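[1] take a look and give me a structure for this.
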Amino acid sequence: MYVHINYSYCYSYCYSYLQNLSLCETWLVDGTFKTCPKIFSQLYTIQGCFFHFCQSLWRKYMTLDIEKNSSALILFYRKCCALAFVSPQMIEFSFKVLSREARDNFPEMNNFMKYLKETYVGDLYNTPMFPPAFWSVHNRVIQNQPRANNAVESWNRRLNSTS
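    Okay, here's the model as predicted:
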């Protein structure tokens, strides 16, 4: 069985969508970032999602052997999440301020702070797994852009539930 494909139609259809996409300053995507070929890596900038950043910190917080319902510790956790609103250039300094607070008031948070430093903040000698430029939402807030990709995830979930 032979199926005729109208390549001209396919091309014009795709081209019209690309034109519309080219008008957008920001694209929100949900998925595996490794799927984009390396040759196109200069075409996009991946930024993390505030929700997923806080969720990652919360999961680490819940693994600690501490009084998890302590209002002081929960407030401190929220301060750590608030690092995402600091400009990437000031995150290391702000982290040092929080580290001093943890050392002086919450020594039970040492493992949490170590995780935050190794995974998200880094220092002069160690690059974190996810550098601040990736997860900071500072510029997005200033530019009135979404802090999270929840709308994309919601759309993706609805699309997948209908199939």
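
[2] by contact count, what packs against the host helix or strand of residue 77?
    For residue 77, the enclosing helix or strand under DSSP states H and E is helix 71-81. Applying 3 or more Cβ pairs under 8 Å, 6 or more residues apart in numbering; DSSP states H and E, we find helix 71-81 packed against helix 50-63, helix 91-105, helix 110-116. The way it works is simple: take the backbone N, C-alpha and C, and place the C-beta from them, glycine included.

[3] quick check: mean pLDDT of it?
    The average pLDDT for helix 71-81 rounds to 95.

[4] quick one: residues in contact with that helix.
    Outside of helix 71-81, the residues within contact range by Cβ atoms under 8 Å, 6 or more residues apart in numbering are 53-54, 57-58, 61, 66-68, 98, 101-102, 105-106, 108-109, 112, 116.

[5] do that again at 10 Å, thanks
    Residues external to helix 71-81 that are found in contact with it (Cβ atoms under 10 Å, 6 or more residues apart in numbering): 50, 53-58, 60-62, 64, 66-68, 70, 94-95, 97-98, 101-102, 105-106, 108-109, 112-113, 116, 120-121.

[6] which of these are buried?
    50, 53-54, 56-57, 60-61, 64, 94-95, 98, 102, 106, 109, 112-113, 116, 120-121 (16 or more other Cβ atoms under 10 Å).

[7] distance of the nearest residue in space to residue 62 that is not next to it in sequence relative to residue 93?
    Distances taken as Cβ to Cβ, 6 or more residues apart in numbering place residue 68 nearest to residue 62, at 6.6 Å, with adjacent residues excluded. Computed with Cβ to Cβ, to the nearest Å, the distance linking residue 68 and residue 93 is 28 Å.
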